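>>> model this:
(4 chains)
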There are 4 protein chains.
Amino acid sequence: MARMKAAIFVDKNRIVLDEKPIPEIGPLDALIRITTTTICGTDIHILKGEYPVEKGLTIGHEPVGVIEKLGSEVKGFKEGQRVIAGAITPSGYSNACLCGCGSQDGPGTRHGFKATGGWKFGNTIDGAQAEYLRVNDASANLCAIPDSLTDEQVLMCPDIMSTGFSGAERGKVKIGDAVVVWALGPIGLCAVAGAKLCGASVIIGVDTVPARMEMAKKLGATHVVDFKAGNAVEEIMRITDGRGVDVSIEALGQQATFEACMRVLRPGGTLSSLGVYSQDLRIPLDAFHAGLGDIDIVSGLCPGGKERMRRLLNVLESGAVDLRLLVTHTYSLDKIEEAYELFASQRDGVMKIAIKTGA
Amino acid sequence: MARMKAAIFVDKNRIVLDEKPIPEIGPLDALIRITTTTICGTDIHILKGEYPVEKGLTIGHEPVGVIEKLGSEVKGFKEGQRVIAGAITPSGYSNACLCGCGSQDGPGTRHGFKATGGWKFGNTIDGAQAEYLRVNDASANLCAIPDSLTDEQVLMCPDIMSTGFSGAERGKVKIGDAVVVWALGPIGLCAVAGAKLCGASVIIGVDTVPARMEMAKKLGATHVVDFKAGNAVEEIMRITDGRGVDVSIEALGQQATFEACMRVLRPGGTLSSLGVYSQDLRIPLDAFHAGLGDIDIVSGLCPGGKERMRRLLNVLESGAVDLRLLVTHTYSLDKIEEAYELFASQRDGVMKIAIKTGA
Amino acid sequence: MARMKAAIFVDKNRIVLDEKPIPEIGPLDALIRITTTTICGTDIHILKGEYPVEKGLTIGHEPVGVIEKLGSEVKGFKEGQRVIAGAITPSGYSNACLCGCGSQDGPGTRHGFKATGGWKFGNTIDGAQAEYLRVNDASANLCAIPDSLTDEQVLMCPDIMSTGFSGAERGKVKIGDAVVVWALGPIGLCAVAGAKLCGASVIIGVDTVPARMEMAKKLGATHVVDFKAGNAVEEIMRITDGRGVDVSIEALGQQATFEACMRVLRPGGTLSSLGVYSQDLRIPLDAFHAGLGDIDIVSGLCPGGKERMRRLLNVLESGAVDLRLLVTHTYSLDKIEEAYELFASQRDGVMKIAIKTGA
Amino acid sequence: MARMKAAIFVDKNRIVLDEKPIPEIGPLDALIRITTTTICGTDIHILKGEYPVEKGLTIGHEPVGVIEKLGSEVKGFKEGQRVIAGAITPSGYSNACLCGCGSQDGPGTRHGFKATGGWKFGNTIDGAQAEYLRVNDASANLCAIPDSLTDEQVLMCPDIMSTGFSGAERGKVKIGDAVVVWALGPIGLCAVAGAKLCGASVIIGVDTVPARMEMAKKLGATHVVDFKAGNAVEEIMRITDGRGVDVSIEALGQQATFEACMRVLRPGGTLSSLGVYSQDLRIPLDAFHAGLGDIDIVSGLCPGGKERMRRLLNVLESGAVDLRLLVTHTYSLDKIEEAYELFASQRDGVMKIAIKTGA
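Numbers count the residues shown, from 1 in each chain, chains lettered A, B, ... in the order given. Okay, here's the model as predicted:
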């Protein structure tokens, strides 16, 4: 059986590049030869043992590649096509999918819903940091990449761009809104870009790292605030002339930002949560106006599926957003362990690393 | 090869019961042994040659039955289970499906959309007026029937109930709305029931047949208006004290009702169209307020898929709606030609006919 | 200057019936002669000093009465008309009102938003537990009562019915949903009725008092669960066959119910919060699926304004809901102190008390 | 009584600059000293007698100016403030306003709705082409202009910008959509800008005038199509690779564009109508898929009110859109008759004319 290289979770603090068989595919699957992939913040949680996955699992959920082989029942694609798939690969046929909630896909469950069930790659099935990837339910998840776009241009589509944009979309950002984004990592930066695409006219980015604040400006932030320089909540109230913001986007996953996020909302505003939390969250009574302030909190997992990918590729093709500035480093798959080390340490201004296979 | 009885479109004005092979199924399909089905108004259009289908096609799109056989890739069901499937059987994986528009499903098309493409049974593939039915994309379309519900209770789910309810849902009927439904055939009656379920407090049913108006009252109409006795538009304006209605539902498919439908809307109201039209439609300038009245026109095909079916079964199980009164006649499949004759002639107060197989 | 009787907040634990001048009105106001009003749970919070109001304020925000006098600029009403006004009386012209957020009305603020600013009666201006009431911004807030409805029938409109219904509306309850309502006081019972009006097919009421559970069944609950008899969360999961509910409505305002409320949601479900909280709230990490479960939390204050009142009156007129069963006791205004004592102690199965003026 | 200059409708084909008294104001009104205004296409319809108004009426509905005097009940403004008001001036307190439908404002009607009732200036009350303007319901309609924006920058807010944007907003344009705008007059150009602000990635402008197509590109069009050079429908299908568009915006008001507008929609798409029609409209059966294509038609009048104006000013302040290129000519009020002549003849590449008072 042919073998391939893959980044495998061996144990806590050990993701190693090793060999394993090239995946077999079933009638609904596709086999993708990966050309470019990347490492996500979530992968670092896996590495550190903070998010449990099975030992031996291939990590990674951001695939760009070429169709090597198609299952007998896959429709609409052909071998050799250059494609992308989302980090979230909904089956298309679960009850969750059929009511527009594919990120909570539960095809094998009694009721068709499973919390975060849409996230499969590098979580419940082998992932994309490898030479080859089996894509489940390929008819619903493959999306052809236009020739005009390079791998690096589309590399953010599977997760970061889809997630970040969803922060603005779920918050229902609309023309003329004031929006703040808390934390300007890759997802927060994409939330900034998403808020701009939704028509926000005041977009405030909050972080502590000057380089990230600069990137935020390039992606649409009209203001940036340093979380450590003075009181960010007060500064945002000042920028909005005392009114507060319509939508406040949490992109870090911590109590301090969640709380500040709520404190800058105007009555009737929406807290849109993108962060992955590791502790119970506290809603401050005053900022929640005791439950009477028409405050909404919306949360969610990255949207996936081929129609989502198609739309994101369209945005990139239009030139409205260019996310290449997020790709700060490039490594070959052979050196992915080094890439993990760099990414985990957040050294050298790393934002996202393009992992290139030689295949 | 085993054979079965089926109602087959032979030629204009000829749907006959004949024998054909029991369908073969593929990996994504299921074979259903039909226990009960019915004839739809659309089938009469097919019969008369007004809606073109291929000669030799089995007609019918409202299946109730038992799983005889499952394709190898179908998940979540077992043979022998009592199930229903919608008239519309979305693939689940087309771009249309993935953005919540499964009735316009185009899995085999270049872009994943096809007008009315979700309607397959008795239209583009063999239908349900037979002893056996192949259900495409079964994982997305089969829905188990609770033991507490009889075939007759659930027989309206696949089409009539789903379509009628969608008239209220698409029109965004809400608590306290005034709603009018134009024409009280099976779909209009289900639109009345749907308007009630959405919280409308004034529900006006318009028809000319007293028995249908009586049924409308049983299903939630607070008022009925005879379209032929005086001016229905004026009468509706009188009932609403001059205000007009929030949502006006067209359930006939003719210019006269479409136009009256718009004339009773308050400014800012919504015309929800369920009718199948056979001619260009005219929007009267005055009723449309020259384009400035915030008038919306929404239209659509019956929603399908297993999650939709599950919800409709839940409604029936709750007892909130009972549609058995729509089933005015029962015939065995052997006598389906007689049933067609009765239904086409609209004699004997026929609303819907239960077709029972002996199988 | 003519004087009237009014229930006045004197000090913590002292609301007394006393005399004060009949209110003067300005050009935008109306003077209403109260015929019937009631006491709200919030008034008990005021009584106990838990919610601060100015000493000397007339309490009460649920007015039914007759127009005594109209300000010069009030349009669309005439003196002698029988009317109702909501507990929330939006100005109509603040930025909050003009974007559909009238409960957060801030006409006098810099930006037009003020948290809970729509609630004025018995909070920031004199209230309805008196012989006369000044209604601010009367053009936007008065609503004529149909002759067919008694004071007792409409007495829940200003607050309880509007609030309870909003729990279902904000949660976007739709046809076929499973819904649970936590705590069956007057607001929870109205949330049950609201869920039914929105088309829910499974409606579970949770409380500990058998009489309230009985009322819930009369208003549409399909199941009731005793919070103290076993594990309510498990029982709800059992009722929903392991799926969880689409919308979970918190109607008590405590951590235990808020938390249980979230635990019974299916992934992608909505927690609709009606409770008035007195402490920070904790969101359990697991029930929130670490932020990745597509869980939404929506909250809000009672919707007001004359269009809201008109719709609620329409619902009552249609007979779809009858809330008279909530009015368990009747007192004259002269004995309102006794009524407060009864209501505060929650003795004698009291739900709501009709306070009748002799005026 | 002090007098002022005003452009007055005298008779068919005669709008003349004459003197009339400076308006008196009531308690809810404001008197604005106009600094800049403009002429709208609708004014030309009035001029030609195609849209009937009372003889003697001052024309114009796009005011920029300074508060001269405030009615006693107006809150939140002060004399001397530089302000704008929308073409549509909702009362804030009608039933229409209270349910978010202020363009159909009917404060003086029995039910609170009146078709196009929100449009008052230069229609049912004296308008803005004058030295002074009475603004009805000033608390709901005045909006302060930031010092950083000139009159010319904000001159499109009252009508053109608000209307054009609403074409994209009502059509629910979202990230990644393909949108086409039919006719690139001032409203169509603003619809292009609105589609971009809503995140569309393909924006096709259709017209016949090269200069307008150039402007469309500057405002966000990714493609332009000449309506007269070949078949525009086919060209749009080609641009969208056969898929059709998600939202098609009609901005001319004619049968030919309305029909073409529908023909380029994908199944499930939305026709957003901005045009003012002068004849009944025909919906082609095939493009409407006989009522089964999930096609929606949405229409509406320009949104007004101070919160709308605030948002539009925010958009301008952010620099995301610059509409100064639409102001192709400037005239003094004294020469408004010449300006009418130019605008009516559509000579000299005129788009919008700034009318400056010397006051």
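
>>> Let's verify A:Gly164: helix, strand, or coil?
Three-state call for A:Gly164 (DSSP: H, G, I helix; E, B strand; the rest coil): helix.

>>> so who does the residue lying closest to it once chain neighbours are set aside touch?
Spatial nearest neighbour of A:Gly164, excluding adjacent residues (CB to CB, 6 or more residues apart in numbering or on different chains): A:Cys190 at 2.3 Å. C-beta coordinates here come from the backbone N, C-alpha and C atoms, glycine included. A:Cys190 is in contact with A:Met156, A:Ile160, A:Met161, A:Thr163, A:Gly164, A:Phe165, A:Gly167, A:Leu219, A:Leu323, A:Leu326, counting by CB atoms under 8 Å, 6 or more residues apart in numbering or on different chains.

>>> Which of the residues you listed sits closest to chain B?
A:Phe165 (14.9 Å; CB to the nearest CB).

>>> how close does that closest one get to B:Gly100?
Distance from A:Phe165 to B:Gly100, counting by CB to CB, to the nearest Å: 17 Å.

>>> Same drill for the two, tell me which one is more crowded.
A:Phe165 (29 against 14; other CB atoms under 10 Å in any protein chain shown).

>>> Let me know the pLDDT of that one.
Looking at A:Phe165, its pLDDT stands at 98.

>>> list the contacts for it?
Neighbour list for A:Phe165: A:Cys190, A:Ala191, A:Ala193, A:Gly194, A:Leu197, A:Leu312, D:Ile175 [criterion: CB under 8 Å, 6+ apart].

>>> need the residues you listed in JSON lines with pLDDT, secondary structure and distance to A:Asp246, can you?
Shown next, in JSON lines, are the contacts of A:Phe165 (pLDDT from 0 to 100; DSSP: H, G, I helix; E, B strand; the rest coil; distance: CB to CB, whole Å):
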{"residue": "A:Cys190", "pLDDT": "98", "secondary structure": "helix", "distance to A:Asp246": "19"}
{"residue": "A:Ala191", "pLDDT": "98", "secondary structure": "helix", "distance to A:Asp246": "14"}
{"residue": "A:Ala193", "pLDDT": "98", "secondary structure": "helix", "distance to A:Asp246": "17"}
{"residue": "A:Gly194", "pLDDT": "98", "secondary structure": "helix", "distance to A:Asp246": "14"}
{"residue": "A:Leu197", "pLDDT": "98", "secondary structure": "helix", "distance to A:Asp246": "15"}
{"residue": "A:Leu312", "pLDDT": "98", "secondary structure": "helix", "distance to A:Asp246": "24"}
{"residue": "D:Ile175", "pLDDT": "98", "secondary structure": "coil", "distance to A:Asp246": "17"}
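
>>> By neighbour count, which of the residues you listed wins?
A:Ala191 leads the contacts of A:Phe165 on contacts (other CB under 10 Å) with 39 neighbours.

>>> ok, now how distant is it from chain D?
12 Å (CB to the nearest CB, to the nearest Å).

>>> need the contact list for that residue.
Per CB under 8 Å, 6+ apart, neighbours of A:Ala191: A:Gly164, A:Phe165, A:Gly167, A:Ala168, A:Val181, A:Ile249, A:Ala251, A:Leu274.

>>> In helices only, show me those residues.
Among the contacts of A:Ala191, DSSP state H puts A:Gly164, A:Phe165, A:Gly167, A:Ala168 in helices.

>>> Which residues of chain A lie near chain D?
A:165, A:169, A:174-178, A:194, A:196-199, A:201-202, A:222, A:310-312, A:314-315, A:317-318, A:320 (CB under 8 Å from any CB of the partner chain).
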